[in-house]
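A.B. asks: need the 3D shape of this:
(chains A and B)
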Amino acid sequence: MAPVSQSVAPDAFGPAVALSCRECGARTPLAPNFACTECFGPLEVAYELPAGDPEGLRKQIENGPNNIWRYAPLLPVSPDVAERPSLNPGLTKLVKANNLARELGITGSLHVKDDSGNPTHSFKDRVVAIAVEAARTFGFTTLSCSSTGNLAGAVTAAAARTGLRACVFIPHDLEAGKVVMAAIYGGDVVGIEGNYDDVNRFCSELIGDPSGEGWGFVNVNLRPYYGEGSKTLAYEICEQLGWRLPDQLVIPIASGSQLTKIDKGLKELIALGLVEEKPYKIFGAQAQGCSPVSAAFKAGHDVVRPQKPNTIAKSLAIGNPADGVYVLDIVRRTGGAVEDVTDEQVVDAIRLLARTEGIFAETAGGVTVGVLRKLIESGQLDPAAETVVLNTGDGLKTLEAVADAARPTAVIRPTLDSFREAGLA
Amino acid sequence: MSVTVRIPTILRTYTGGNAEVSAEGATLAEVIKDLEANHTGISARLLDDGGKLRRFVNVYVNEDDVRFAEGLETATPDGAGVSIIPAVAGGC
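C.D. replies: Numbers count the residues shown, from 1 in each chain, chains lettered A, B, ... in the order given. Prediction:
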């Protein structure tokens, strides 16, 4: 698809220089394209990053804004990006989780990167912020996406802030919190009768149709730019650790893009001299009811067979994960693993994280914490090493998943006798 | 067996810009062979050197992903709609 805008300013994409195919390496100019014309492989952003002065770059980042735009020199955005309207996500808390560590038998340090602190309460604000910049540069007027819920809200909110029209597509049976959140910001929220993979297919067809003309689909035709937003998770984790790499990371897998981009971000920090190189292991986390990547990992396969999702972790319910094969490559390269947990274990893990650290995670966070526990129990993850586990969204969005497990202890009359009778004194 | 094939944007250079073309064949493999006969070069974009569907191509016959059916041997009944879609979209 040709760019809508005919003239793109030379520095509109900062250090980004081209789109490059992950499969065959073919390069094409920066444009709203997502699949290689040679082999259908995914396109990703290629850079000429500011090498040679790590101290200067580190200072520039540390003096930058308190959001993802502090990393603008490493992102496909214009140098003046921080001056434009944006939800300004990022720089979320890295919580030292001593109580959780003790409970799980972790003797090294454990941190939770809590991305529920973003403007729409999930990590999706990071990726959407980059996609919005690309959409504006290419002259798109409507912002769209296929979403499992969190993304829809991030897109409608970003569109509201930046003055774009929004039209987002979601499976019709999502959690109420996610639907309300997506709809409250205005724009059109369209429920599709089908699962996420059906929604995704619909959007891929819409984009090739005249009715989708002028639309920037953040995770379709803007996907190469959008995905880069997840690199900022890697940058922040390392900066917040004092410009160090952690030993182990546990990351949720939906399409797998986030995991691959965190790895890309870590490698960039090493290449630029911003952190000292050392081995790190990346672990992927899935829900058993949608575990195509975990199944492939355990079977020793290098291809991912799609599944029909059936899990409460709806934000991870992508049965045909676009980046699944790259997740397998990365996990195997770094010596990590992919593991999955049952819905019951997801709920237990949500309660565990809440009870030990005061962090209320959405189901995806229950998946990562549940998998962390399983990896320790199976000896796959080193309890003496430094570990970072991701919570990518807010538990208030998936109340249904834990509603039965989190009830009032008692309902009493407003008298001391009632209080004592209830055994609470 | 005549079917309608939806062509993604990146393959429309092979179909003269058409988003939909007709093709003949009782299976997906036969449909792709027929597409190649009328739109030279399109088959190599869909199939790898071993003749298998490329891993980043999704093909649907009517509503069904052929990977859940018989792959290239999936039947393509008369009047069916075949959609070819890049697999890299979606998610995060």
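
A.B. asks: number of residues surrounding residue A:99?
C.D. replies: 15 (other CB atoms under 10 Å in any protein chain shown). Backbone N, C-alpha and C define where each C-beta goes, glycine included.

A.B. asks: sorry, that was for residue A:18
C.D. replies: Residue A:18: 17 neighbours (other CB under 10 Å).

A.B. asks: get me the contact residues on chain B for chain A.
C.D. replies: Residues of chain B found near chain A (CB under 8 Å from any CB of the partner chain) are B:6-10, B:13, B:19, B:45, B:54-58, B:60, B:65, B:67-68, B:83, B:85-92.

A.B. asks: what about 6 Å?
C.D. replies: B:8-10, B:54, B:56-57, B:67, B:85-92 (CB under 6 Å from any CB of the partner chain).

A.B. asks: among those residues, which one sits closest to residue A:234?
C.D. replies: Distances from residue A:234 to the residues of chain B next to chain A, taken as CB to CB, are shortest for residue B:92 (14.5 Å).

A.B. asks: tell me the pLDDT of that closest one.
C.D. replies: pLDDT for residue B:92: 55.

A.B. asks: show me where chain B has its strands.
C.D. replies: Using DSSP state E, the strands assigned to chain B run over residues B:2-6, B:20-24, B:57-61, B:64-65, B:81-86.

A.B. asks: okay if I get these as a markdown table plus mean pLDDT?
C.D. replies: Below are the strands of chain B laid out as a markdown table (pLDDT from 0 to 100):
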| stretch | mean pLDDT |
| --- | --- |
| strand B:2-6 | 95 |
| strand B:20-24 | 96 |
| strand B:57-61 | 93 |
| strand B:64-65 | 88 |
| strand B:81-86 | 93 |
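
A.B. asks: now those strands in TSV, with mean neighbour count?
C.D. replies: Shown next, in TSV, are those (neighbours: other CB atoms under 10 Å in any protein chain shown):
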stretch	mean neighbour count
strand B:2-6	18
strand B:20-24	16
strand B:57-61	23
strand B:64-65	16
strand B:81-86	22
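
A.B. asks: picking up where we left off before, most surrounded residue in the residues of chain B next to chain A?
C.D. replies: Result: residue B:92 is most packed of these (other CB under 10 Å), 32 neighbours.

A.B. asks: for residue A:243, which non-adjacent residue is spatially closest?
C.D. replies: Spatial nearest neighbour of residue A:243, chain neighbours left out: residue A:275 (5.4 Å); criterion: CB to CB, 6 or more residues apart in numbering or on different chains.

A.B. asks: helices or strands next to the longest helix anywhere in chain B in the packing?
C.D. replies: Counting by DSSP state H, the longest helix found in chain B is helix B:28-38. When contacts are defined as 3 or more CB pairs under 6 Å, 6 or more residues apart in numbering or on different chains; DSSP states H and E, helix B:28-38 packs onto strand B:20-24, helix B:42-46.

A.B. asks: one more time with 8 Å
C.D. replies: Applying 3 or more CB pairs under 8 Å, 6 or more residues apart in numbering or on different chains; DSSP states H and E, one finds that helix B:28-38 contacts strand B:2-6, strand B:20-24, helix B:42-46.

A.B. asks: now residue A:394, which residues is it bridged with?
C.D. replies: Assessed by DSSP bridges, residue A:394 has beta-bridge partners residue A:361.

A.B. asks: is it correct that residue A:77 is in contact with residue A:131?
C.D. replies: No: contact criterion CB atoms under 8 Å: residue A:77 and residue A:131 do not qualify, at 10.5 Å.

A.B. asks: all the strands of chain A, residue numbers only.
C.D. replies: Using DSSP E, strands in chain A cover A:16-21, A:27-28, A:43-47, A:93-96, A:110-114, A:142-146, A:165-171, A:188-192, A:215-217, A:248-252, A:281-287, A:338-341, A:387-391.

A.B. asks: the third one pairs with which strands, parallel or anti?
C.D. replies: This means strand A:43-47. Strand A:43-47 has these strand partners (DSSP bridges): strand A:16-21 (antiparallel).

A.B. asks: now do the strand it pairs with, average pLDDT.
C.D. replies: On average, strand A:16-21 scores 96.

A.B. asks: thinking again about what came up before, can I get the helices and strands packed on helix B:28-38 in TSV with distance to residue A:157?
C.D. replies: Rendered in TSV, the data for the helices and strands packed on helix B:28-38 read as follows (distance: least, CB to CB, whole Å):
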stretch	distance to residue A:157
strand B:2-6	33
strand B:20-24	36
helix B:42-46	38
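
A.B. asks: which one, of the ones you listed, ends up nearest to residue A:171?
C.D. replies: Going by CB to CB, the one of those nearest residue A:171 is strand B:2-6, 21.9 Å.

A.B. asks: who's in contact with the closest one?
C.D. replies: Contacts to strand B:2-6, defined as CB atoms under 8 Å, 6 or more residues apart in numbering or on different chains, come from residues A:205, A:208, B:19-25, B:31, B:35, B:76-84.

A.B. asks: just the C-alpha atoms of that strand, please, in PDB.
C.D. replies: Provided in PDB are the C-alpha atoms of strand B:2-6 (Å, rounded to 0.1, in the frame of the first residue of the first chain):
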ATOM      1  CA  SER B   2     -14.900 -22.400  -9.900                       C
ATOM      2  CA  VAL B   3     -13.900 -20.400  -6.800                       C
ATOM      3  CA  THR B   4     -13.400 -16.800  -6.000                       C
ATOM      4  CA  VAL B   5     -10.000 -15.900  -4.600                       C
ATOM      5  CA  ARG B   6      -9.400 -12.700  -2.600                       C
END
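
A.B. asks: chain center to the longest helix of chain B: distance?
C.D. replies: 8 Å (CA atoms, centre = their mean, to the nearest Å).

A.B. asks: what residues sit buried inside it?
C.D. replies: B:28, B:29, B:30, B:31, B:32, B:34, B:35, B:36 (16 or more other CB atoms under 10 Å in any protein chain shown).

A.B. asks: now that helix and strand B:2-6, what's the angle there?
C.D. replies: 80 degrees (axes from the mean of the first three to the mean of the last three CA atoms, to 10 degrees).

A.B. asks: what is the rounded mean pLDDT of helix B:28-38?
C.D. replies: pLDDT averaged over helix B:28-38 gives 97.

A.B. asks: state the phi and psi torsions of residue A:362.
C.D. replies: According to degrees, to the nearest 10, the main-chain angles of residue A:362 amount to phi -80, psi 180.

A.B. asks: which ones are touching the residue nearest to it when sequence neighbours are not counted?
C.D. replies: For residue A:362, ignoring the flanking residues on the chain, the nearest one in space by CB to CB, 6+ apart is residue A:393 at 3.7 Å. For residue A:393, the contacting residues are A:115, A:116, A:121, A:122, A:123, A:150, A:315, A:361, A:362, A:364, A:365, by CB under 8 Å, 6+ apart.

A.B. asks: run through the bridge partners of the nearest residue to residue A:297 once chain neighbours are set aside.
C.D. replies: Spatial nearest neighbour of residue A:297, chain neighbours left out: residue A:338 (3.9 Å); criterion: CB to CB, 6+ apart. With DSSP bridges applied, residue A:338 shows beta-bridge pairing to residue A:284.

A.B. asks: around chain B, which positions in the stretch 251-400 of chain A sit nearby?
C.D. replies: By CB under 8 Å from any CB, the part of the stretch 251-400 of chain A that sits against chain B consists of A:254-258, A:303, A:305-306, A:308, A:318, A:320-323, A:325.

A.B. asks: let's see which of the residues you listed end up in helices.
C.D. replies: Reading helices off those with DSSP H, I get A:257, A:258, A:325.

A.B. asks: next one: the second one from residue A:392, what distance?
C.D. replies: Spelled out, it's residue A:258. Separation of residue A:258 from residue A:392 (CB to CB, to the nearest Å) stands at 8 Å.
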